[in-house]
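Participant: With the sequence up front, the predicted model follows.
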Amino acid sequence: DGGAGPAVPAGPGRAQVFTTVVDAFLEELVAAGSYQKFGRCYRCFYKLQPQLTRSIYDQFISQLQSSIQEEIQELKSEGNLEGLFNSLDKIVEEAKDREGPAWRPSGIPEQDIHSALVPYLLKHRSYLRQVLRKKEEENRKVAESVLAGRDKIVELQQLIQAHKQAWQ
């Protein structure tokens, strides 16, 4: 491979394990409903026409397997299980690189919430203070501009007054 591709997990992913488990379950289910048990349940029919009974059993098992597989596939699609399993695999792989212990709840909800929220709130407060400084600076510049405009208006009014008196 040369190491150019992404790292491959050591074992099969959770999605593959889930599929294998479901397939094994389906095989066990079919094995539990063997033809002999089917024949015993429908003994009279089996004695009269064993080939037809076998054909019905085969169709029943085939339909059962396909229905179960369709339902499981629909559940996997609706629940986005493939994506969730891959995400979980990724989290586990990332956790392997960590040197320190993973976070665990203390058992005291208030303390856990506090320890989770305080860093976020401090960061948000810092951000808000930075925004506030920028807005205060903008307001200071606008206030200076307004004052300069007022001074200009006063000058112009005095100039107009001087011209008016000179004209009269």
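Facilitator: Perfect, thanks for sending it.

Participant: for the helix or strand harbouring Lys90, packing partners?
Facilitator: Assigned by DSSP states H and E, Lys90 belongs to helix 81-96. For helix 81-96, the elements it packs on are helix 14-32, judged by 3 or more CB pairs under 8 Å, 6 or more residues apart in numbering; DSSP states H and E. All C-beta spots, glycine's among them, are computed from the backbone N, C-alpha and C.

Participant: Touching the helix it packs on from outside, list them.
Facilitator: Residues from elsewhere that reach helix 14-32 (CB atoms under 8 Å, 6 or more residues apart in numbering): 12, 61, 64-65, 68-69, 72, 81-82, 85-86, 88-89.

Participant: do that again at 6 Å, thanks
Facilitator: Ile61, Ile68, Ile72, Glu82, Phe85, Leu88, Asp89 (CB atoms under 6 Å, 6 or more residues apart in numbering).

Participant: cool, stretch 153-168 as well?
Facilitator: In contact with stretch 153-168 (CB under 6 Å, 6+ apart) are no residues whatsoever.

Participant: which sections of this protein are below the confidence cut-off?
Facilitator: 1-10 (pLDDT under 70).

Participant: what's the domain layout of it?
Facilitator: 14-79, 113-167 (the TED database).

Participant: Single out the most deeply packed of these.
Facilitator: Of all the domains of the chain, domain 14-79 has the most neighbours on average by mean count of other CB atoms under 10 Å, namely a mean of 12.

Participant: quick revisit: same list (the domains of the chain) but as JSON lines, adding distance to Trp103.
Facilitator: What follows is the domains of the chain, written out as JSON lines (distance: least, CB to CB, whole Å):
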{"stretch": "domain 14-79", "distance to Trp103": "22"}
{"stretch": "domain 113-167", "distance to Trp103": "9"}
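
Participant: No more questions from me, cheers.
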